[in-house]
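Asker: one predicted model, sequence on top.
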Amino acid sequence: ALRHAAATVVIEPDAIFHSDRGSVYTSTGYRALIGRLGMRSSMGRTGVCWDNSAAESFFSTLKNERVHRTAYATKAQARRDLINYIEGFYNSRRRHSSLGYQFPNDVHYAYQQSATTA
């Protein structure tokens, strides 16, 4: 997901990638990727979910609205379906209270536009 984001949007120098302390995020390879992308890593304390509540909310919604309602025959099918859900629905047609009831894509594009005109 991080590689995809880096290929499709401009990541500002020293952007902060915040995560929990999961093994993926603490691995040498992942931390090296963050460094190659010019980002800084930030991690919450063990057992504290509040500092990453937007991500926690996203994953809860993803599981409740899609994953637990769908049976996948293969990992490839699951991957395609989740990408379609996130890109085709979640980011473009699902309003979010934490974004002032706007769509994530609208907020993202407004930010990108203001960053390029500044």
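Answerer: Yep, that arrived.
Asker: and for Tyr90, the neighbour number?
Answerer: 20 (other CB atoms under 10 Å). Quick note: C-beta positions are derived from backbone N, CA and C, even for glycine.
Asker: repeat for the one 3 residues further on
Answerer: If you count neighbours by other CB under 10 Å, Arg93 ends up with 10.
Asker: show the contacting residues for it.
Answerer: If a contact means CB atoms under 8 Å, 6 or more residues apart in numbering, then Arg93 has Phe103 as its contacts.
Asker: now Leu82: which helix or strand?
Answerer: For Leu82, the enclosing helix or strand under DSSP states H and E is helix 75-85.
Asker: name the residues of the helix or strand containing His108 that are buried.
Answerer: With secondary structure defined by DSSP H and E, His108 is part of helix 104-117. Neighbour counts using 16 or more other CB atoms under 10 Å place Pro104 of helix 104-117 among the buried residues.
Asker: can you pull out the helices in the chain?
Answerer: 2-8, 23-26, 28-36, 53-65, 75-85, 91-93, 104-117 (DSSP state H).
Asker: could I get those helices as a markdown table with mean pLDDT and distance to Met43?
Answerer: Converted to a markdown table, these look like this (pLDDT from 0 to 100; distance: least, CB to CB, whole Å):
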| stretch | mean pLDDT | distance to Met43 |
| --- | --- | --- |
| helix 2-8 | 87 | 15 |
| helix 23-26 | 86 | 7 |
| helix 28-36 | 94 | 10 |
| helix 53-65 | 86 | 12 |
| helix 75-85 | 95 | 24 |
| helix 91-93 | 91 | 25 |
| helix 104-117 | 82 | 23 |
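Asker: quick one: closest of those helices to Ile16.
Answerer: Checking these against Ile16 by CB to CB gives helix 28-36 as the closest, at 9.7 Å.
Asker: now do that closest one: which elements does it pack against?
Answerer: helix 2-8, strand 40-43 (3 or more CB pairs under 8 Å, 6 or more residues apart in numbering; DSSP states H and E).
Asker: give me whichever of those is most buried.
Answerer: Highest mean neighbour count among the helices and strands packed on helix 28-36 (mean count of other CB atoms under 10 Å): strand 40-43, with a mean of 13.
Asker: just checking, what packs against it?
Answerer: Strand 40-43 packs on strand 16-19, helix 23-26, helix 28-36, going by 3+ CB pairs under 8 Å, 6+ apart.
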